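Student: Need a 3D model of the following:
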Amino acid sequence: MTTLLRPSAEERRVLILTPTGRDGSMAVDLLHDAGINGVTCEDLSELSRQIDAGVAAVLIAEEALADDQYSSFARVLARQPAWSDLPIVMLTSQGADSESVARAVRTLGNVTLLERPTRVAALVSAIRSGVRARERQYQIRAHLQHRDQVAASLNEADRRKDEFLAMLAHELRNPLAPISNAIQVLRLAETADPVAARMCEVMQRQIDHMVRLVDDLLEVSRITRGKITLHREHADLIGVIRNAVDISRPLIDAAGHRLSIHALDTPIPVDGDPVRLGQILANLLNNAAKYTPQGGRITVTAQKRDGRAVVSVRDNGVGISAEMLGRVFDLFTQGSPASFEGRAGLGIGLTLVRQLVELHGGTVEAFSEGLGKGSEFVITLPLLMGYDTRYEQTAEAAEPDRRLRGHRVLIVDDNADAADSMGVLLEMLGAEVRVVYGGESALETLDTFHPSAVLLDIGMPEMDGYEVARRIRERPNHQHVKLVAITGWGQAEDRRRSQDAGFDEHLTKPPDLERLKHVLLSQGPAGKAVAPRPTAHVTRPDDLR
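Tutor: Purely as a prediction, here's the structure:
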């Protein structure tokens with residue numbers, strides 16, 4: 001951070017403009033005896049130049065300004081910065097009611113009039129008052145400069161934070177992509193082992209949760225401002241509760257808690273973001289597990305009441321004091337006893353719960369009879385009325401492997417695990433696939449493979465995805481190929497750059513399978529755009545993550 005500006009020697013001067021040099025010299029001597037540095041100016045032009053160099057105050061005689069000079073002098077003063085209100089002491093003729101004096105007061109701003117003959121003490125006092133006022137203005141300048149420097153420092157820190165989070169998100173998405181692809185391959189293999197099928201479901205939920213956490217890294221400022229984007233769909237709250245329990249189960253089991261779930265046999269439909277709703281309930285379950293002594297009881301109840309869905313998470317843990325009960329949802333608030341401080345987090349979990357519930361149009365309340373008497377958190381959400389809750393899979397969705405037959409897909413990624421696993425997945429979906437690991441190889445393969453779509457990584461060495469996309473678009477026989485960015489970079493600037501480079505779509509790793517199939521099906525096998533057949537699935541568009 002640069003040093004704050006202090007008044008320079010020039011900025012501590014009093015500039016003097018009098019009709020004669022002798023008058024100016026006398027004024028300089030008077031001010032010198034009072035400890036004030038005075039400098040004479042020959043004319044208005046010199047005074048203007050000296051003001052631009054720095055000044056504490058101006059002493060000017062009425063006769064020193066001709067009638068046609070007031071406007072030009074006013075323009076000089078107008079060039080001063082916003083914090084400046086330059087003190088001007090004007091020596092006037094006896095009576096002080098001339099037209100020139102009136103014009104000076106009207107046009108020059110901060111003017112003090114001294115009628116001649118003037119006592120030396122009065123002149124010195126007026127000058128000192130002006131100098132002190134100017135010193136306060138310089139203090140304001142220093143404050144404004146300090147504020148600007150702090151703002152610049154914060155902006156730089158914020159920029160570096162965003163860069164770090166973007167890099168971290170990219171590095172985390174890269175390994176998530178092959179893991180997600182491998183899970184999809186295992187699910188499409190239709191293994192007869194029910195345990196393996198169940199584990200695939202668990203892993204997929206955890207991958208989805210990790211992807212959303214990575215996305216949250218890029219939403220820190222939005223979260224603190226309460227500006228979180230929901231990806232709404234028709235969701236069954238019972239299924240959401242099951243998923244949240246799976247997320248929190250390790251913490252619950254490690255503490256030896258007994259978990260009971262009392263819920264309806266029929267679905268509880270809501271219009272919401274299933275991942276965010278799962279985050280709400282997982283946070284409450286984790287909170288109950290952390291603040292309940294070993295071997296405690298946690299009960300989850302879900303029901304419909306007066307047109308609303310009501311979910312309760314109750315425990316027999318440490319409880320909440322009456323003093324803290326009204327503040328448990330405040331950011332960074334922790335009110336647990338000292339013995340549980342080792343299990344505490346950052347104090348943002350319940351704040352996020354409240355923000356997310358309110359974004360869904362619901363409410364959350366905390367109840368406790370006091371310390372040592374457990375606690376209960378109750379969420380209410382609007383029920384989705386008139387919705388068919390059978391949640392049946394359509395015949396089209398049951399046969400995804402035949403939908404990509406005839407499509408030729410070129411996969412380009414320097415991460416071999418990500419490229420190979422995506423290739424296996426798309427082959428199982430019926431596509432003809434070619435996998436390469438660099439930009440030059442991709443360009444060499446184009447003319448022999450003739451793909452209808454290219455899935456292209458961005459952050460590759462030697463030739464990045466942007467350059468590969470531009471070179472593909474430059475080839476007349478590949479103008480209509482579908483270019484899809486599959487990348488760990490997902491910020492707005494990354495999407496803009498991919499669009500400028502010629503990409504048709506920008507999907508972040510790991511891409512949602514339904515979204516990826518939709519993108520590929522929008523391009524016919526021969527490279528012509530087609531209208532996709534309608535599907536009963538409600539998908540979460542990747543570009544909204």
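
Student: Can you pull out the low-pLDDT segments for the stretch 151-300 of the chain?
Tutor: Applying pLDDT under 70 to the stretch 151-300 of the chain flags the ranges 190-192, 212-213, 215-228.

Student: number of nearby residues for the nearest residue to Glu440 once chain neighbours are set aside?
Tutor: Nearest non-adjacent residue to Glu440, counting by C-beta to C-beta, 6 or more residues apart in numbering: Met463, 6.3 Å away. Every residue, glycine included, has its C-beta placed from N, CA and C. By the criterion of other C-beta atoms under 10 Å, Met463 has 16 neighbours.

Student: Spell out the secondary structure type for Met463.
Tutor: coil (DSSP: H, G, I helix; E, B strand; the rest coil).

Student: For burial, what's the neighbour tally of Ala122?
Tutor: By other C-beta under 10 Å, 11 other residues sit near Ala122.

Student: ok, now Val433?
Tutor: Residues lying near Val433 (other C-beta under 10 Å) number 23.

Student: Quick check: it touching Leu425?
Tutor: No - counting by C-beta atoms under 8 Å, Val433 does not reach Leu425; the two are 9.0 Å apart.

Student: List the residues that contact Gln294.
Tutor: Ala255, Gly256 (C-beta atoms under 8 Å, 6 or more residues apart in numbering).

Student: rerun at 10 Å
Tutor: The contact partners of Gln294, by C-beta atoms under 10 Å, 6 or more residues apart in numbering, come to Ala254, Ala255, Gly256, His257.

Student: For Pro293, see how far away the second one is.
Tutor: Relative to Pro293, Ala255 is positioned 8 Å away (C-beta to C-beta, to the nearest Å).

Student: Compare the two (neighbour count), which wins?
Tutor: Between Ala255 and Pro293, counted using other C-beta under 10 Å, Ala255 has the larger neighbour count: 18 against 15.

Student: now that one: how far from Arg314?
Tutor: Distance, Ala255 to Arg314, using C-beta to C-beta: 16 Å.

Student: can you check Phe503 too?
Tutor: Distance from Phe503 to Arg314, by C-beta to C-beta: 50 Å.

Student: Report the buried residues of stretch 430-437.
Tutor: Residues Ala431, Glu432, Val433, Arg434, Val435, Val436, Tyr437 are the ones in stretch 430-437 that count as buried (16 or more other C-beta atoms under 10 Å).

Student: Stretch 450-470 too?
Tutor: Per 16+ other C-beta under 10 Å, stretch 450-470 contains these buried residues: 451-460, 463-466, 468-469.

Student: Let's see which of those residues end up in strands.
Tutor: Ala453, Val454, Leu455, Leu456 (DSSP state E).

Student: Please name the bridge partners of the second one.
Tutor: The reference is to Val454. Beta-bridge partners recorded for Val454 (DSSP bridges): Leu410, Leu483.

Student: any low-confidence regions in this structure?
Tutor: Where the chain drops to pLDDT under 70, the residues are 1-5, 95-96, 190-192, 212-213, 215-228, 331-348, 386-402, 523-545.

Student: What residue spans form the domains of it?
Tutor: Domain segmentation of the chain under automatic domain parsing yields 10-118, 162-218+399-545, 234-382.

Student: could I get those domains as CSV with distance to Arg128?
Tutor: Below are those laid out as CSV (distance: least, C-beta to C-beta, whole Å):
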stretch, distance to Arg128
domain 10-118, 7
domain 162-218+399-545, 51
domain 234-382, 51
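
Student: Which among those is found nearest to Gln137?
Tutor: Closest of those to Gln137 is domain 10-118, at 5.8 Å (criterion: C-beta to C-beta).

Student: Ends of the closest one, what's the gap?
Tutor: Taking C-alpha to C-alpha, to the nearest Å, the first and last residues of domain 10-118 lie 27 Å apart.

Student: cool, stretch 463-483 as well?
Tutor: The stretch stretch 463-483 measures 16 Å between its terminal residues, going by C-alpha to C-alpha.

Student: and what of stretch 405-417?
Tutor: End-to-end for stretch 405-417, by C-alpha to C-alpha: 24 Å.

Student: Contacts only, for Leu108.
Tutor: With C-beta under 10 Å, 6+ apart, Leu108 has these contacts: Val58, Ile60, Leu65, Tyr70, Phe73, Ala74, Val76, Leu77, Leu86, Ile88, Met90.

Student: how near is it to Glu10?
Tutor: Leu108 is 21 Å from Glu10, by C-beta to C-beta.

Student: circling back: just the ones in helices from the buried residues of stretch 430-437, please.
Tutor: Nothing among the buried residues of stretch 430-437 maps onto helices, per DSSP state H.

Student: Looking at the residues you listed, which is nearest Pro178?
Tutor: The nearest one, if we look at those relative to Pro178 and count by C-beta to C-beta, is Val435, at 12.4 Å.

Student: What's the first helix or strand after the lengthiest helix in the chain?
Tutor: Scanning the chain for the helix with the most residues, using DSSP H, yields helix 120-188. Next along the chain after helix 120-188, taking DSSP states H and E as the criterion, comes helix 194-217.

Student: Of all pairs in the contacts of Gln294, which one is the farthest apart?
Tutor: Ala254 and His257 (8.9 Å).

Student: and for the two, which residues touch both?
Tutor: Common neighbours of Ala254 and His257 are listed as Ala289, Gln294 (criterion: C-beta under 10 Å, 6+ apart).

Student: between those two, who's got more neighbours?
Tutor: Using other C-beta under 10 Å as the criterion, Ala254 and His257 rank with His257 on top: 22 against 10.

Student: I'd assumed Asn286 was in contact with that one.
Tutor: No - between His257 and Asn286 there is no contact under C-beta atoms under 10 Å: 11.4 Å.

Student: where do the contact lists of the two overlap?
Tutor: Shared contacts of His257 and Asn286, defined by C-beta under 10 Å, 6+ apart, are found at Ser248, Leu251.

Student: how close does Asn110 get to Pro117?
Tutor: 24 Å.

Student: Equivalent analysis for Gly490, please.
Tutor: Distance of Gly490 to Pro117, given as C-beta to C-beta: 79 Å.

Student: Same question for Asn37.
Tutor: To Pro117, Asn37 is 25 Å away according to C-beta to C-beta.

Student: quick one, which of the two is more surrounded?
Tutor: Between Asn37 and Pro117, counting by other C-beta under 10 Å, Asn37 is the more crowded of the two (14 against 7).
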